[in-house]
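Peer 1: the amino acid sequence is not available; the structure is as follows:
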């Protein structure tokens with residue numbers, strides 16, 4: 001069975017590129033355009049991994065991460081951001097993060113590495 005990944009980013013170009021790359025690699029991918037949409041999807045489905053932009057309208061990554069923790073979900077997390085200073089401000093520097101713009105194949109390598117053990 002294919003590993004499941006939720007890609008959350010309000011920037012359509014990044015979200016679609018990431019989702020396409022992951023689908024080509026054989027992953028089952030769902031997409032959300034912001035934190036509210038992500039929570040709606042997370043209510044219905046459990047994911048092996050979530051790739052989430054830090055800054056988004058309505059609800060940001062911190063809100064989505066709080067939800068995942070409150071539900072004790074074992075979803076692995078990769079953050080993506082164009083605002084690296086926010087990571088330390090929000091206590092997220094210990095999570096895997098890619099700074100925009102990033103190499104999509106570096107992201108794919110990290111996804112493969114994180115999901116090999118699941």
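Peer 2: Yes, it's here. Computed from a predicted structure; not experimentally measured.
Peer 1: next, count neighbours for residue 42.
Peer 2: Residues near residue 42, counting by other CB atoms under 10 Å, number 21. For glycine as for every other residue, the C-beta is placed from the backbone atoms N, C-alpha and C.
Peer 1: for it, what is the enclosing helix or strand?
Peer 2: helix 35-44 (DSSP states H and E).
Peer 1: what residues of that helix count as buried?
Peer 2: For helix 35-44, a neighbour-count test (16 or more other CB atoms under 10 Å) marks 35, 37, 38, 39, 41, 42 as buried.
Peer 1: again, but for stretch 96-116
Peer 2: 97, 98, 102, 107, 108, 110, 111, 114.
Peer 1: what's it in contact with?
Peer 2: Contacts to stretch 96-116, defined as CB atoms under 8 Å, 6 or more residues apart in numbering, come from residues 3, 5, 14, 17-18, 21-22, 25, 27, 48-49, 51, 54, 76-82, 84, 87.
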